[in-house]
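>>> coords below, sequence missing:
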Ligand SMILES: CC(=O)N[C@@H](CCC[C@H](N)C(=O)O)C(=O)O
């Protein structure tokens with residue numbers, strides 16, 4: 001059964017779920033968050049905005065350190081297919097990666113500390129554009145954050161495969177290095193009946209998709225997990241017109257920067273080969289690149305011990321493996337020690353799926369866990 005507080009946060013989640021917006025266009029989302037934050041006791045709060053992001057300084061009573069908590073804000077271009085009564089009101093867009101829960105949990109933790117002062121300062125970061133083009137790196141560098149820069153920072157990500165009440169993380173690398181991948185091919189269009197008078201880019205693109213996978217299977221150490229996914233392929237305009245242009249859109253995942261460099265070198269070699277073989281021209285754009293999410297070993301191990309020794313009644317802890325997901329939270333952790341953890345939300349469909357329905361019972365679990373953890377840290 002959910003408590004009165006959690007019913008309130010369940011409603012907040014449902015409100016946010018209905019207004020998913022793309023990166024750096026989270027205008028309604030930002031306003032909703034600001035309105036809620038304005039409803040909290042203001043004596044120890046200082047609120048700043050940066051583009052569509054929000055920073056909230058919660059002043060401690062006798063601060064010795066500053067702890068940060070980050071939640072991402074943006075939605076995904078996925079037509080929602082859940083059974084929710086509170087479906088997205090933005091056609092073609094959905095919170096399909098749990099950012100509605102991430103923001104709600106962030107508000108819940110913030111609300112707790114707006115009502116219950118602790119010794120140390122807190123910086124809450126509501127960050128835009130995690131799914132792309134990436135808000136963490138520019139937000140880290142923004143003027144508004146500099147005097148609120150935390151000494152340690154924490155975040156979470158929903159995990160559909162784990163039951164509610166599960167927290168999973170590990171010291172060291174948790175998420176992969178990522179690079180987006182956009183390849184455009186240009187040949188010569190023509191009539192479908194006269195292929196010899198044209199230069200078909202559909203067939204060139206199809207050949208390239210297959211060749212790209214040889215990088216993972218033939219050029220990368222099988223023990224050094226890496227991924228190339230081509231998520232979208234476009235080419236042509238009509239069934240009886242030979243395609244002059246084709247476009248591949250994908251993403252690369254590696255656990256080391258060196259392997260990312262190696263993979264990109266092979267991509268470029270294969271694309272040059274397609275140009276020569278199909279007498280076409282090609283361009284490659286790597287879009288946004290994210291650092292690996294590297295959990296500080298000391299801080300993370302201490303958190304793991306604290307959870308297992310003090311929260312065992314409410315939390316089942318799992319030491320997780322690395323995952324090939326990306327998260328630009330990695331930029332925060334590159335500069336500030338801290339960790340990210342998986343939060344179980346017990347749902348059959350996975351991240352980025354149109355039917356994702358994370359359990360709302362996880363909201364209270366996460367709020368309780370992080371308010372207890374930060375209270376403990378600020379009393380040590
Ligand atoms: C947790 C999660 O799903 N993160 C995304 C991050 C996307 C990074 C970038 N836009 C890319 O596509 O590489 C993921 O896809 O892992």
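Noted; the coordinates are in hand. From a predicted model like this one, the values you see are computed outputs, not experimental measurements. Numbering: from 1, shown residues only.

>>> just to check, residue 168 is in contact with residue 344?
Yes - Residue 168 is within contact range of residue 344, at 7.4 Å (criterion: CB atoms under 8 Å). Where you see a C-beta, it was placed from the backbone N, CA and C, and this is true even at glycine.

>>> have a look at these two and say which one is more surrounded.
With neighbours defined as other CB atoms under 10 Å, residue 168 and residue 344 compare such that residue 344 has more, 25 against 20.

>>> could you pull up the residues touching the more buried one?
The neighbourhood of residue 344, defined by CB atoms under 8 Å, 6 or more residues apart in numbering, consists of 159, 161, 162, 163, 164, 165, 166, 167, 168, 316, 362.

>>> for this structure, give me the ranges with low pLDDT.
Across the chain, the stretches falling below the confidence threshold (pLDDT under 70) are 1-6.

>>> drop anything exposed from the contacts of residue 344.
Neighbour counting with 16 or more other CB atoms under 10 Å marks 159, 162, 164, 165, 166, 167, 168, 316, 362 as buried within these.

>>> next step: the residues you listed restricted to strands.
When DSSP state E defines the strands, the subset of those inside them is 159, 166, 167, 168, 316.

>>> quick one: which two of those residues are the most distant?
The largest separation in these, counting by CB to CB, is between 159 and 316 at 12.2 Å.

>>> how about the residues of the chain near the ligand?
With CB under 6 Å from any ligand atom as the criterion, the chain meets the ligand at residues 97, 131-132, 157, 178, 180, 251, 288, 290, 325-327, 351.

>>> widest-spaced pair of those residues?
Pairwise distances across the residues of the chain next to the ligand peak at 19.0 Å for 157 and 180 (criterion: CB to CB).

>>> who has more neighbours out of those two?
Ranked by neighbour count (other CB under 10 Å), residue 157 and residue 180 place residue 157 first, with 26 against 19.

>>> sticking with that one, tell me its helix or strand.
According to DSSP states H and E, residue 157 maps onto strand 152-159.

>>> helices or strands up against that strand?
Counting contacts by 3 or more CB pairs under 8 Å, 6 or more residues apart in numbering; DSSP states H and E, the secondary-structure elements packed against strand 152-159 are strand 66-72, helix 99-115, helix 329-335, strand 338-344, helix 361-377.

>>> now render these as CSV, adding distance to residue 12.
Formatted as CSV, those follow (distance: least, CB to CB, whole Å):
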stretch, distance to residue 12
strand 66-72, 12
helix 99-115, 5
helix 329-335, 22
strand 338-344, 17
helix 361-377, 9
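
>>> for residue 307, which of these is the nearest?
Smallest distance to residue 307 across these (CB to CB): 7.5 Å, for helix 361-377.

>>> and the longest helix that the chain contains, what does it pack against?
Within the chain, and with DSSP state H defining each element, the longest helix by residue count is helix 257-278. When contacts are defined as 3+ CB pairs under 8 Å, 6+ apart, helix 257-278 packs onto strand 177-186, helix 201-214, strand 226-235, strand 245-254, strand 281-285.

>>> show me what the second one is packed against.
Looking back up the chat, that one is helix 201-214. Taking 3+ CB pairs under 8 Å, 6+ apart as the contact cut, helix 201-214 packs with strand 177-186, strand 226-235, strand 245-254, helix 257-278.

>>> tabulate these (JSON lines), appending distance to residue 61.
As requested, those are arranged in JSON lines below (distance: least, CB to CB, whole Å):
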{"stretch": "strand 177-186", "distance to residue 61": "40"}
{"stretch": "strand 226-235", "distance to residue 61": "47"}
{"stretch": "strand 245-254", "distance to residue 61": "43"}
{"stretch": "helix 257-278", "distance to residue 61": "42"}
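
>>> what's the closest of those to residue 50?
When those are compared by CB to CB, strand 177-186 sits nearest residue 50, at 22.9 Å.

>>> neighbouring strands of the helix or strand following the closest one in the sheet, and parallel or not?
Helices and strands here follow DSSP H and E; after strand 177-186, the next one along the chain is strand 190-191. Listed by DSSP bridges, the sheet partners of strand 190-191 and their directions read strand 241-242 (antiparallel).

>>> show me how far the partner strand is from its chain's centre.
The chain centre lies 38 Å from the centre of strand 241-242; the measure is CA atoms, centre = their mean, to the nearest Å.

>>> sounds good, over and out.
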